[in-house]
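A.B. asks: Generate a structure from the sequence data that follows.
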Amino acid sequence: MNPFKAYDIRGVYGDEVDDTLAYRVGRAFARFTGGVDLLGGYDARTHSGELLRAFAAGAASAGGTLYDAGCLSTPALHWLQMQRGYGAGVMATASHNPPRYHGFKLFDGSGGSVGYAKGLAGVEGAGGAGAAVPADDSPLPGTLAAPAALPAGALDEYVQFATAHVRPEARGMKVVIDASNGSAGALAQAAADAIGLDATVLNAAPDGTFPAHPPNPLEADSQREVAAAVPAAGAALGALLDGDGDRILFFDETGRPLESYFAGALIAGSLLQREPGAAIVYDLISSRVFPEAVAEAGGVPVKARVGYSLLYDEMVRSGAIYGNETSGHLYFRVRDSFYTESAIYGLGVLLNLVVERGRPLSELAAPLRSRYVQQEEINIPLGRLQPEAALQRVREAFGDGEQEELDGVSVSYDRFWFNVRPSNTEPLLRLRLEAVDEAAVAQATARILEVLEAGS
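C.D. replies: Predicted coordinates for the structure are as follows:
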């Protein structure tokens, strides 16, 4: 499969992604960005470090210089790029994918992700042609700057940014953080220490084989350890990070997962206390609870297409103070021209809420959880249908509903609402549905699947 995706580059190492691809992408990206200084980092995956070195060599061949921030989280890399004024950034990572996957996330000078529509298509086109790539057994040209090139104390500054807003009363609170053997374990511990938490950090050691569990927080196998550890430790809450530390899933004090749109609604409400009337961005597959809660808190909910890069761009466009993606990406406005995502910052906001309200997280979330019923996302193989033909079947079958086509087709009725959209990475349709009760969920799901599977 083609490793160039809608938002980034990722594929199976040795098949779709290797040093040669990394070199060519580095060269093409340096040309795309005009030879600016780049800040690079890498996750815990087995080959991410060597892929970044090959990327740096390619960038050097086109006149770019890459400075190495080492193994760290993607949010830390992004924040450092923007805070220190690097012209672009690159993270060698495959995010939450299984261990055999590797890849890159690219960031432009504004901090936005360079997705397919914003230049990645050009990088792909230029990445396969031009100067010859050295043979596998010869050293790649160019050098990777020594880690010392990154100003001393820079990572400490990131920890300070991510924790300075936490109330002093949070000191001593018990929390459990599962770093998934990814690249954020040390940062999570440093943040807990800075706040003064009584923290248990699980699976903190970087290990690209992810021995404890998959690096995707949304998988049930990934959630079991932290879900059990939270009540066992008597913790106020828990958190589960993905492989590069940008996605986060929270758990209440009982060990129950708190879906991103519920946690995000609580975070948004807290931020709106300081900036009433501000815009808050959410993706269109979020629970309807999210925009309703934002409006009730005095904010302006702004809907975005699915995908972290698209949500970020919508935040910049609308001047939002916060952006929340269903997959667990949390974005914050640092200042008018500087937006960044930070799972750790979001953890701090929830800690503040528990302190301020004097109530457990499960009680704070209860009114949000009970408002509607969500159907877990259903992935439907396309079969003989092409994506547009499948979407047309939905348009016609549900023509009496209120339709929207921001991303795929969304249809709303009084008792249920849903979205069907093609996957950006797989030959699938993704169905998200919510309703007023269990009966409406069951009836609507059966009807939608009947329409889609009839043509497969």
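A.B. asks: List the contacts of the residue positioned nearest the centre of the chain.
C.D. replies: Here the mean C-alpha position of the chain is nearest to the C-alpha of residue 329 (CA atoms, centre = their mean), at a distance of 3.7 Å. For residue 329, the contact set (CB atoms under 8 Å, 6 or more residues apart in numbering) comprises 246-247, 308, 311, 323, 341. Glycine gets a C-beta too; all of them are placed from N, C-alpha and C.
A.B. asks: Among these, which one has the most neighbours?
C.D. replies: The most crowded member of those is residue 246, carrying 32 neighbours; neighbours defined as other CB atoms under 10 Å.
A.B. asks: quick one: that one and residue 74 touch, right?
C.D. replies: Yes. In this structure, residue 246 sits in contact with residue 74. The criterion is CB atoms under 8 Å, and the distance is 4.4 Å.
A.B. asks: what about the nearest residue to residue 90 once chain neighbours are set aside, how many neighbours?
C.D. replies: Using CB to CB, 6 or more residues apart in numbering and skipping residues adjacent in sequence, the residue nearest residue 90 is residue 40, 4.8 Å away. Residue neighbour count, defined by other CB under 10 Å, stands at 27 for residue 40.
A.B. asks: so residue 40 is in which element?
C.D. replies: strand 37-42 (DSSP states H and E).
A.B. asks: Restrict that strand to CA atoms and write it as PDB.
C.D. replies: Taking Å, rounded to 0.1, in the frame of the first residue of the first chain, the C-alpha atoms of strand 37-42 are listed here in PDB:
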ATOM      1  CA  ASP A  37      16.200  24.700   9.800                       C
ATOM      2  CA  LEU A  38      14.200  21.700  10.800                       C
ATOM      3  CA  LEU A  39      13.600  20.300  14.300                       C
ATOM      4  CA  GLY A  40      13.300  16.500  14.300                       C
ATOM      5  CA  GLY A  41      12.400  13.900  16.900                       C
ATOM      6  CA  TYR A  42      11.500  10.200  17.000                       C
END
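A.B. asks: Can you give the distance from the helix or strand encompassing residue 332 to the centre of its chain?
C.D. replies: With elements taken from DSSP H and E, the one containing residue 332 is strand 330-335. Using CA atoms, centre = their mean, to the nearest Å, we find the averaged C-alpha position of strand 330-335 to lie 14 Å away from the chain's own average C-alpha position.
A.B. asks: For the stretch 351-456 of the chain, which segments count as strands?
C.D. replies: In order along the chain, the stretch 351-456 of the chain carries the following strands (DSSP state E, counting those that start in this stretch): 373-381, 402-404, 409-412, 416-422, 428-435.
A.B. asks: My error: substitute the stretch 1-150 of the chain in the last question.
C.D. replies: Taking DSSP E, counting those that start in this stretch to define them, one finds strands in the stretch 1-150 of the chain at 9-12, 37-42, 65-71, 88-92, 101-107.
A.B. asks: elements contacting the first one?
C.D. replies: Identification of packing neighbours for strand 9-12 by 3 or more CB pairs under 8 Å, 6 or more residues apart in numbering; DSSP states H and E yields strand 101-107.
A.B. asks: which residues touch the strand it packs on?
C.D. replies: For strand 101-107, using CB under 8 Å, 6+ apart, the contacting residues are 3, 7-13, 17, 22, 25, 29, 45, 47-48, 51, 55, 74, 78, 81, 88-95, 97, 113-114, 120, 123.
A.B. asks: Now do that strand against strand 88-92: the angle between them, please.
C.D. replies: Interaxial angle of strand 101-107 relative to strand 88-92 (axes from the mean of the first three to the mean of the last three CA atoms, to 10 degrees): 170 degrees.
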